[in-house]
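>>> Attaching a predicted model along with its sequence, questions to come.
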Amino acid sequence: MNTSLITRPLAALGATVLGALAGMGRLTLFALSTLRHMVTPPFYTREFMQALLHIGYLSLPVVGLTAFFTGGALALQIYSGGSRFSAEAVVPQIVAIGMVRELGPVLVGLMIAARVTASVAAEIATMKVTEQIDALVTLSTHPMKYLTVPRVLAGLLTVPLLVGIGDIIGIYGGWLVSTQSLGFNAATYLQNTVNFLEPIDVISSLAKGAVFGFIATVMGCYYGMQSERGAQGVGSATKSSVVAAAVLILAANFLLTQAFFAI
């Protein structure tokens with residue numbers, strides 16, 4: 001019997017697993033190095049302020065629109081499903097908990113991955129292709145401190161704020177649809193929302209926002225730094241960064257939900 005028929009698939013599988021583990025190791029070291037550089041000087045304030053503007057303020061429109069329409073659609077779906085069991089009155093409570101605990105943080109995280117991660121990866125990868133990163137090293141400027149730390153720190157600070165704003169807009173979208181189309185009393189709807197939410201719901205939402213912001217920005221910086229030369233390398237780095245950020249955000253959401261709300 002030809003043993004190569006058995007060993008070749010196993011070798012290919014082993015190489016794939018080892019490559020994946022090596023990639024995870026490099027990513028972990030990159031993230032840890034980013035955290036270390038975050039607390040040691042020098043700090044590039046101008047780059048940080050630009051990152052705040054790009055990641056935070058300029059993301060508000062897409063976050064607001066996404067949250068608003070999601071909240072409105074959620075209210076319609078809950079009302080439609082609840083009507084089968086004469087439970088239409090639970091719309092305010094379910095919209096609130098659904099937006100604050102899950103949909104708000106996850107949707108904002110995915111929007112940041114689509115908008116910010118892709119932009120950061122493409123920008124840094126282009127800088128690598130055009131040898132601007134090499135120029136930074138020549139000028140005794142650490143690329144991670146100048147490019148990665150300001151963006152990651154901005155993501156840590158602004159994405160929780162975006163999540164909070166998204167939660168509010170999503171609840172408002174559900175309130176608007178419920179009061180204008182489903183016959184709910186406006187004051188009663190808001191009172192039920194406030195009474196149902198607990199501090200742990202808000203805390204978990206903001207904590208998820210911080211983690212998702214860290215993941216989104218680190219993925220963009222990491223894949224940008226690892227980009228190969230040429231336009232194809234830039235495109236590949238951008239695509240890989242968004243896919244990795246989205247998958248890690250969803251995985252982190254499951255782990256954080258389990259940590260906060262496991263019974």
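Received it, and whenever you're ready, just let me know what you need.
>>> Could you pull out the helices in the chain for me?
All helices of the chain, identified by DSSP state H, fall at 4-38, 45-51, 60-82, 91-97, 104-112, 118-129, 132-138, 143, 149-181, 186-196, 199-225, 231-261.
>>> okay, those in TSV with mean neighbour count and mean pLDDT next?
In this view, the C-beta of every residue, glycine as well, is placed from N, C-alpha and C. Output for the helices of the chain, formatted as TSV (neighbours: other C-beta atoms under 10 Å; pLDDT from 0 to 100):
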stretch	mean neighbour count	mean pLDDT
helix 4-38	12	80
helix 45-51	14	92
helix 60-82	18	91
helix 91-97	23	90
helix 104-112	25	94
helix 118-129	22	90
helix 132-138	14	85
helix 143	18	86
helix 149-181	23	93
helix 186-196	15	89
helix 199-225	23	93
helix 231-261	17	91
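>>> Residue 88 contacts residue 80, doesn't it?
No: Residue 88 is not in contact with residue 80 according to C-beta atoms under 8 Å; the separation is 9.0 Å.
>>> ok, now how distant is the most centrally placed residue in the chain from residue 40?
Compute the mean C-alpha point of the chain, and by C-alpha atoms, centre = their mean the closest residue is residue 109, 2.7 Å away. Separation of residue 109 from residue 40 (C-beta to C-beta, to the nearest Å): 28 Å.
>>> sorry, back to before: check contacts around the residue nearest to the centre of the chain.
By C-beta atoms under 8 Å, 6 or more residues apart in numbering, the residues touching residue 109 are 159, 163, 208-209, 212-213, 215-216, 249, 253.
>>> Look up how far residue 36 lies from it.
Distance, residue 109 to residue 36, by C-beta to C-beta: 24 Å.
>>> again with residue 172
Taking C-beta to C-beta as the measure, residue 172 falls 41 Å from residue 36.
>>> how much space between residue 143 and residue 224?
The spacing between residue 143 and residue 224, counted by C-beta to C-beta, is 10 Å.
>>> meant to ask about residue 24
Separation of residue 24 from residue 224 (C-beta to C-beta): 18 Å.
>>> try residue 196
Distance of residue 196 to residue 224, computed by C-beta to C-beta: 42 Å.
>>> One more: residue 79?
Distance of residue 79 to residue 224, given as C-beta to C-beta: 44 Å.
>>> do the same with residue 189
45 Å.
>>> go on, residue 15?
In this view, residue 15 and residue 224 are 26 Å apart by C-beta to C-beta.
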